[in-house]
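Student: missing the sequence, but the structure's below:
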């Protein structure tokens, strides 16, 4: 599962693995979960499949002091669609990482007004089966 999310665009494989009982909430030796890789590298459809397969939305990295959530990573790397998807899945926009920053803080630091707007709305207006770009219209 980690391999699929690290190298991306493997939604069919993720769906297959989950259908065969693979756990989307298993961390690797570095304390990183599959959803972290997908969120960091911008694989929107992989994030969607992981969430539909039961991935925890607010799981945090645990091998170091960063304690980053998928929402922190998607925000830091400017992945608007993934931020919208995670917010729809009820990600905690106020959750703080190990350094004490929330996703809103990272949106401000990166001057990403679109992501900041998504986070501040925090209404969960998307359906996981819909296109996240609809959130921006």
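Tutor: Yes, it's here. Just so you know, these numbers come straight off a predicted model, no measurement behind them. Residues are numbered from 1 along each chain as shown.
Student: quick one, what contacts the residue nearest the centre of the chain?
Tutor: Nearest residue to the geometric centre of the chain (C-alpha atoms, centre = their mean): residue 70, 3.6 Å. Applying C-beta atoms under 8 Å, 6 or more residues apart in numbering to residue 70 gives the contacts 33, 35, 36, 38, 39, 47, 57, 58, 59, 82, 86, 91. From N, CA and C alone the C-beta is placed, and that goes for glycine too.
Student: let me know the helix or strand that the closest residue to it other than its chain neighbours is in.
Tutor: Using C-beta to C-beta, 6 or more residues apart in numbering and skipping residues adjacent in sequence, the residue nearest residue 70 is residue 39, 3.8 Å away. Using DSSP states H and E, residue 39 sits within helix 34-41.
Student: that helix - what's its average pLDDT?
Tutor: On average, the pLDDT along helix 34-41 is 96.
Student: can you pull the contacts of residue 103?
Tutor: 69, 71, 72, 74, 75, 83, 91, 93, 95, 115, 119.
Student: please tell me how far it sits from residue 115.
Tutor: 8 Å (C-beta to C-beta, to the nearest Å).
Student: picking that back up, need the per-residue pLDDT for the residue nearest to the centre of the chain.
Tutor: 97.
Student: just to revisit the earlier point, overlap of the contact sets of residue 103 and residue 115?
Tutor: With C-beta under 8 Å, 6+ apart as the test, residue 103 and residue 115 both reach 75, 83.
Student: how about the nearest residue to residue 115, chain neighbours excluded?
Tutor: residue 107 (4.5 Å).
Student: so for that neighbour, what's the pLDDT?
Tutor: 96.
Student: that one: what's it in contact with?
Tutor: 75, 115, 116, 119.
Student: is it true that the last one touches residue 74?
Tutor: No: counting by C-beta atoms under 8 Å, no contact exists between residue 119 and residue 74, whose distance comes to 10.3 Å.
Student: what sits in contact with each of those two?
Tutor: By C-beta under 8 Å, 6+ apart, the residues touching both residue 119 and residue 74 are 83, 103.
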